[in-house]
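> structure, please.
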Amino acid sequence: MGLAIAAAPAWGQEKLSLDVTVPAVSRPSQLFRPNGQAADFLGIGLGQTVDDVRKILTGQNFSNETPSNRFLLEEDYNSVEIVASGPNRYFTNIVWSGPQDATADQSVRVEFSSPLTGQHSTDVRRFVTYKGGMGPLMETLRAAIIQKYGPPSVDGKTQMEWFWSTGQLVKKGAHDRQMAISMESESDHVKGVTYLLVDGAAVDDDRDQVAKFQKSVEDAAKRVRDGHATAPKL
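Numbers count the residues shown, from 1 in each chain. Sure thing, here's the model as predicted:
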């Protein structure tokens, strides 16, 4: 992180300003690998960039990309204007609508970490609704899921959950990464499926890094403000 302070004079109406450089950091990702393969839904997994995800989904005819932006920094702290260079604005999440399909409607929503931890995917959700409530047979889908991901930590038949702690599959308790697949059924057929893949450890780490960075900016802004404060007439 670099903070370059540039303060304007305090007299008159001129603003104080603080120049901030927002770093872009790339961190190695430690992904859990069910059955020896990185977990994914339609090729979308954890630790991927926006460009990675976009390329994979557009290649499968997903479209109508709907992003959400966020400012990493406030525009000012304590009457000091923040002038930020670097990736101070980024996609927090993007929703892609699924391909035109006569049998199902679907979308994929991906959340991304900040530039401070590499702007990688940390939360992947895929939503599928089968038209007419006539999706695959429940047992057929369950068999395919277990073949790809292995037996779940918790199996509620229509709700399957996998928990990982430090790379190992665990039944319960502390876990830093998790996957869940929830199925809505009618008779023996699946009506809809929600797929969830989350790296909780990465989410927590990113939140901590953002908080520390914002605190450092605020502290620097206070120093600028205090350094140019004029003494009151008594």
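
> just the strands in this structure please.
2-5, 16-21, 63-71, 76-77, 80-85, 89-97, 104-112, 121-130, 154-155, 159-165, 168-170, 177-186, 189-199 (DSSP state E).

> distance-wise, check Arg177 relative to Gln48.
Distance of Arg177 to Gln48, given as C-beta to C-beta, to the nearest Å: 15 Å. Any C-beta I mention is one placed from the backbone N, CA and C, and that applies to glycine too.

> what does Trp162 give?
Trp162 is 19 Å from Gln48, by C-beta to C-beta.

> is Asn69 in contact with Thr92, as I believe?
Yes - in this structure, Asn69 is within contact of Thr92 by C-beta atoms under 8 Å, at 7.2 Å.

> more neighbours, these two?
Set Asn69 next to Thr92 and count neighbours by other C-beta atoms under 10 Å: Thr92 wins out with 15 against 9.

> who are the neighbours in contact with the more buried one?
Neighbouring residues of Thr92 by C-beta atoms under 8 Å, 6 or more residues apart in numbering: Ser68, Asn69, Arg70, Glu111, Phe112.

> one more time with 6 Å, if that's ok
Thr92 makes contact with Ser68, Arg70, according to C-beta atoms under 6 Å, 6 or more residues apart in numbering.

> any regions of the chain where pLDDT drops low?
Applying pLDDT under 70 to the chain flags the ranges 1-14, 29-32, 35.

> can you do 80?
1-14, 27-38, 100, 133, 166-168, 173-175 (pLDDT under 80).

> buried residues, the helix ranked longest in it. List them.
The residue-count maximum for a helix in the chain (DSSP state H) belongs to helix 200-227. For helix 200-227, burial by neighbour count (16 or more other C-beta atoms under 10 Å) applies to 200-203, 205-206, 209-210, 213, 217-218, 220-221, 223-225.

> quick one, what contacts Asn93?
Ser68, Glu111.

> bridging residues for it?
Ser68, Glu111 (DSSP bridges).

> burial of the residue nearest to Lys15 when sequence neighbours are not counted, as a residue count?
Distances taken as C-beta to C-beta, 6 or more residues apart in numbering put Glu81 closest to Lys15, at 5.0 Å, once the chain neighbours are dropped. Close neighbours of Glu81, defined as other C-beta under 10 Å, add up to 15.

> so Glu81 bridges to which residues?
Ser17, Asp76.

> measure it to Phe62 for me?
Here the criterion is C-beta to C-beta. By it, Glu81 lies 40 Å from Phe62.

> got it, and Ala144?
Taking C-beta to C-beta, one finds Ala144 at 21 Å from Phe62.

> how about Arg177?
For Arg177, the distance to Phe62 - C-beta to C-beta - is 24 Å.

> over to Lys55?
In terms of C-beta to C-beta, Lys55 sits 11 Å off from Phe62.

> with Ala229 instead?
Ala229 sits 54 Å away from Phe62, going by C-beta to C-beta.

> next: Tyr149.
22 Å.

> neighbour-wise, which of Ala229 and Phe62 wins?
Taking neighbours as other C-beta under 10 Å, Ala229 and Phe62 compare with Phe62 leading, 21 against 10.

> who's in contact with that one?
Taking C-beta under 6 Å, 6+ apart as the test, what Phe62 contacts is Trp96, Gly98.

> would you list the phi and psi of it?
phi -80, psi 150 (degrees, to the nearest 10).

> and the nearest residue to Ala202 once chain neighbours are set aside, how many neighbours does it have?
Spatial nearest neighbour of Ala202, excluding adjacent residues (C-beta to C-beta, 6+ apart): Thr122 at 4.7 Å. As a burial measure, Thr122 scores 27 neighbours (other C-beta under 10 Å).
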